[in-house]
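[1] Build me a structure from this.
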Amino acid sequence: MKLRQLSLTLSAALLSGLLAACGSAPEVERERITDSSAKRHQQTLNEAAQSPVSVHPLQQDQAEVAAQAPARLSHTRQAYSMGKMAAPPSLHRPSAGVDRERYGELPENGIHSVVDKPVSTFSVDVDSGAYALVRRFLNQGRMPPSDLVRAEELINYFNYHYAYPDSAEHPFSLTTEVGASPWNRATRLVHIGIQGIATAADLRPAANLVFLVDVSGSMSDQNKLPLLKSAFKLLLQQLTAEDRVTLVVYAGASGVVLEPTAGDQRGKIVSALAQLEAGGSTHGSAGIQLAYEMAEHARIEGGINRVILATDGDFNVGTVDHRRLVEMIEQQRQRGISLTTLGFGQGNYNDHLMEQLADKGNGNYAYIDNINEARKVLVEELSATLETIAKDVKIEVEWNPARVAEYRLIGYENRLLAAEDFNNDKVDAGDIGAGHTVTALYEIALHESDGQRLSPRRYHSTPIKSHDKEAELAFLRLRYKQPDQHRSQLITQPILLSNQAPLAATSEAYRFSAAVAGFAQLLRGGRYTEAFDFDDAVALANTARGEDRFGYRGEFVRLVRLAGSLAAPLTLNE
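    Numbering: from 1, shown residues only. Presented below is the predicted three-dimensional model:
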């Protein structure tokens with residue numbers, strides 16, 4: 001009898017230990033089992049103490065099993081961690097590790113009264129870095145920080161295939177369209193599109209390219225220096241004997257790895273790339289200065305002279321005063337040497353600095369998160385990346401107060417200009433590359449509509465009457481400079497009320513850009529999107545996917561679905 005009771009005690013202790021380690025029983029049930037086992041265990045020990053017995057071989061085996069219980073529990077925990085046993089369901093999604101990525105503060109544009117502020121002015125933006133960063137976050141199962149989501153960069157990631165210019169007078173065409181808003185039936189969207197002329201590969205001017213590569217210790221990850229090498233190899237396939245390639249590196253110190261070399265000498269260039277290894281701190285300012293010196297040394301008159309900076313933006317020694325760094329880049333811009341920035345990696349990535357340097361260097365900024373993005377930027381869009389067809393491009397929209405009560409520019413928060421900057425040719429603005437498309441969207445509320453969000457003004461409650469301009473919603477002005485000129489040219493075009501259409505009757509470009517704009521706003525919290533959600537963005541985008549030769553629009557739909565899943569509230573069944 002005593003032997004059987006001792007056996008039951010050891011078995012109960014082992015079972016109790018396994019349950020505590022695995023956590024497979026609900027908390028209340030586990031406590032009940034443990035309490036019951038403990039009472040039986042104590043009762044048996046009391047009886048055993050009153051009537052001691054000798055230990056037989058069977059008891060020795062049972063004692064050994066009990067002694068081995070901690071080791072068995074350890075193996076059980078290891079099985080959970082290695083995925084060999086199904087883990088208990090969790091109510092928490094994996095939390096991302098702490099990182100040091102930096103994004104500039106980006107307050108969302110608000111609503112303006114046309115009576116108070118009839119003119120909206122901003123610089124164009126052809127960067128695409130924010131879209132690739134958003135994609136990286138979503139693919140990793142995380143929602144992106146709101147300050148990262150620059151709506152115009154998400155919208156302008158896609159080519160909308162506007163009509164090309166029908167004359168050689170200007171290097172691009174203007175397209176406008178007015179239609180219903182997908183997130184508010186009481187408002188309208190005004191769609192503005194710019195299409196730059198495209199340059200055939202054999203007509204592209206000779207390029208003097210200085211690759212400035214960060215080889216500091218922070219670049220050792222697989223998605224940094226190794227991906228960078230693969231990306232540059234793709235670019236090399238597009239170069240010719242007329243082009244020049246120089247390779248400059250920087251870490252704790254900077255140096256020239258490859259002197260100016262003809263673009264068709266691919267073996268020599270690839271061999272120089274293969275020698276690059278990561279290590280040391282990041283003396284970025286010294287590398288940029290040396291790269292500009294090499295660009296000046298190999299300058300091609302009448303050609304493209306550009307420094308291509310590839311880094312994670314983690315400058316930690318040297319000139320870390322970003323203002324002085326920007327001043328140096330602006331000086332080189334005046335001398336005709338532009339700067340393109342390509343971002344790599346994560347954890348310590350400095351998005352804000354990368355965007356700022358490219359803007360001041362009359363270049364563009366892209367984030368390379370995979371080899372397909374490298375192909376898009378450096379192969380498909382090479383001419384747009386390298387060749388500038390118009391610089392300092394500014395847009396001004398003057399709203400007709402007789403028709404429009406309120407307006408809101410979607411995106412371009414860090415591209416806004418003062419009204420007096422539009423006609424000032426000394427004020428820098430964005431550039432457009434060969435074949436680039438640029439898109440901007442306004443949401444407007446007409447008078448006598450339910451779409452107005454601002455309180456009525458006591459002293460401006462009556463709409464201003466217009467006579468000969470009643471057919472116009474707004475007047476569009478655009479200024480730009482030829483790449484080799486310092487005086488701007490002006491293009492004007494009215495935006496007519498008669499152009500508005502129901503959403504289903506609008507163009508593919510209108511609907512798809514509206515879907516991207518809605519998605520971007522949802523990622524930032526959906527302050528103005530009413531009941532519009534990620535499913536609505538998917539449905540709208542699917543009506544305007546078009547030919548989608550490279551699958552970018554299909555990928556967008558997938559990302560929107562993924563964001564919708566990540567944003568959905570958790571339930572006990574997840």
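
[2] Below-threshold pLDDT in the stretch 51-200 of the chain: ranges please.
    The stretch 51-200 of the chain contains residues with pLDDT under 70 at 51-99.

[3] make it 50
    51-67, 69-97 (pLDDT under 50).

[4] what do you get for the chain?
    1-4, 6-10, 13-38, 40-41, 44-45, 47-67, 69-97, 317, 319, 574.

[5] if you count residues, which strand in it comes out on top?
    For the chain, the longest strand by residue count, based on DSSP state E, is strand 388-399.

[6] Check which element follows that one along the chain.
    strand 404-410 (DSSP states H and E).

[7] what are the C-alpha coordinates of that following strand, in PDB please?
    Taking Å, rounded to 0.1, in the frame of the first residue of the first chain, the C-alpha atoms of strand 404-410 are listed here in PDB:
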ATOM      1  CA  VAL A 404     -13.900  76.400 -54.200                       C
ATOM      2  CA  ALA A 405     -14.400  76.900 -50.400                       C
ATOM      3  CA  GLU A 406     -11.600  74.700 -49.100                       C
ATOM      4  CA  TYR A 407      -8.600  72.700 -50.300                       C
ATOM      5  CA  ARG A 408      -6.000  70.300 -48.900                       C
ATOM      6  CA  LEU A 409      -2.700  69.100 -50.600                       C
ATOM      7  CA  ILE A 410      -2.100  65.400 -50.000                       C
END
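
[8] Not counting that strand itself, show me its contacts.
    Under the contact criterion Cβ atoms under 8 Å, 6 or more residues apart in numbering, strand 404-410 has outside partners 109-114, 120, 122, 151-152, 155, 190, 397, 399, 416, 440-447, 449, 451-454, 463, 473-474, 517, 520-521, 528. Using the backbone N, CA and C atoms, a C-beta is placed for each residue, glycine as well.

[9] Strand 404-410 and the longest strand of the chain, what's the angle between them?
    With axes from the mean of the first three to the mean of the last three Cα atoms, to 10 degrees defining the directions, strand 388-399 sits at 150 degrees from strand 404-410.

[10] Domain-wise, how is this protein divided?
    If you go by automatic domain parsing, the domain ranges for the chain are 2-81, 112-199+388-449+464-567, 206-386.

[11] between those, which gets nearest to Arg100?
    Closest of the domains of the chain to Arg100 is domain 206-386, at 4.8 Å (criterion: Cβ to Cβ).

[12] Span of that closest one from start to end?
    10 Å (Cα to Cα, to the nearest Å).

[13] Just give me how far that domain sits from the chain centre.
    Its chain's C-alpha centre and that of domain 206-386 lie 20 Å apart, by Cα atoms, centre = their mean, to the nearest Å.

[14] picking that back up, name only those of the contacts of strand 404-410 that count as buried.
    Among these, those classed as buried by neighbour count (16 or more other Cβ atoms under 10 Å) are 109, 111-114, 120, 122, 151-152, 155, 190, 397, 399, 440-446, 449, 451-452, 463, 473-474, 517, 520-521, 528.

[15] Those residues in helices, which ones?
    Per DSSP state H, helices hold the following members of those: 151-152, 155, 517, 520-521.

[16] Among the residues you listed, which one lies nearest to Val213?
    Nearest member of those to Val213, counting by Cβ to Cβ, is Glu152, at 28.8 Å.

[17] Spit out the contact partners of the closest one.
    125, 410-412, 415, 439-440.

[18] Next, format the residues you listed as CSV and append distance to Gln482.
    As requested, those are exported to CSV (distance: Cβ to Cβ, whole Å):
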residue, distance to Gln482
Asp125, 20
Ile410, 29
Gly411, 27
Tyr412, 24
Arg415, 21
Thr439, 23
Ala440, 22
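
[19] Quick check: the farthest pair among these?
    By the measure Cβ to Cβ, Arg415 and Thr439 form the most distant pair in the contacts of Glu152, at 13.2 Å.

[20] Name the residue in the two with the higher neighbour count.
    Higher neighbour count among Arg415 and Thr439: Thr439, with 25 against 21, using other Cβ atoms under 10 Å.

[21] In this structure that one contacts Ile192, no?
    Yes - judged on Cβ atoms under 8 Å, Thr439 makes contact with Ile192 at a distance of 7.0 Å.

[22] Now tabulate the domains of the chain in CSV and tack on distance to Arg102.
    Shown next, in CSV, are those (distance: least, Cβ to Cβ, whole Å):
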stretch, distance to Arg102
domain 2-81, 34
domain 112-199+388-449+464-567, 10
domain 206-386, 5
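
[23] of all those domains, which lies closest to Glu101?
    Between the domains of the chain, domain 206-386 lies closest to Glu101; by Cβ to Cβ that is 4.7 Å.

[24] Buried residues in stretch 502-519, which are they?
    503, 506-507, 509-519.

[25] Tell me the one of these nearest Val213?
    Distances from Val213 to those, taken by Cβ to Cβ, are shortest for Val516, at 32.3 Å.

[26] Tell me who's in contact with that closest one.
    Per Cβ under 8 Å, 6+ apart, neighbours of Val516: 151, 154-155, 157-158, 541, 556.

[27] Distance check, it against Phe550.
    16 Å (Cβ to Cβ, to the nearest Å).

[28] now do His161
    13 Å.

[29] Tell me where the stretch 401-550 of the chain has strands.
    404-410, 430-433, 437-446, 472-481, 489-496, 500-501 (DSSP state E, counting those that start in this stretch).

[30] Which residues are in contact with Arg179?
    Arg isn't right for residue 179; it's Gly. 188-189, 191, 500-503, 505-506, 510.

[31] thinking again about what came up before, direction included, what does the longest strand of the chain pair up with?
    In the sheet, strand 388-399 lines up against strand 119-123 (antiparallel), strand 430-433 (antiparallel), strand 472-481 (antiparallel) (DSSP bridges).

[32] Show me how far it is from its chain's centre.
    24 Å.

[33] Relative to Phe211, which of the strands of the stretch 401-550 of the chain is closest?
    Here strand 430-433 is closest among the strands of the stretch 401-550 of the chain (Cβ to Cβ), at 18.5 Å.

[34] Run through who's touching that closest one.
    Strand 430-433 is contacted from outside by 123-126, 171-172, 194, 196, 359, 362-364, 381, 383-393, 415, 438, 480, using Cβ under 8 Å, 6+ apart.

[35] redo that, cut-off 6 Å
    The contact list for strand 430-433, computed with Cβ atoms under 6 Å, 6 or more residues apart in numbering, reads 123-125, 196, 362, 384, 387-391, 393.

[36] just stretch 493-507 next, same as before
    174, 176, 178-180, 182, 471-476.

[37] can you list these in a markdown table and add distance to Arg333?
    Output for the contacts of stretch 493-507, formatted as a markdown table (distance: Cβ to Cβ, whole Å):
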| residue | distance to Arg333 |
| --- | --- |
| Leu174 | 26 |
| Thr176 | 31 |
| Val178 | 37 |
| Gly179 | 38 |
| Ala180 | 42 |
| Pro182 | 39 |
| Ala471 | 42 |
| Glu472 | 37 |
| Leu473 | 36 |
| Ala474 | 32 |
| Phe475 | 31 |
| Leu476 | 27 |
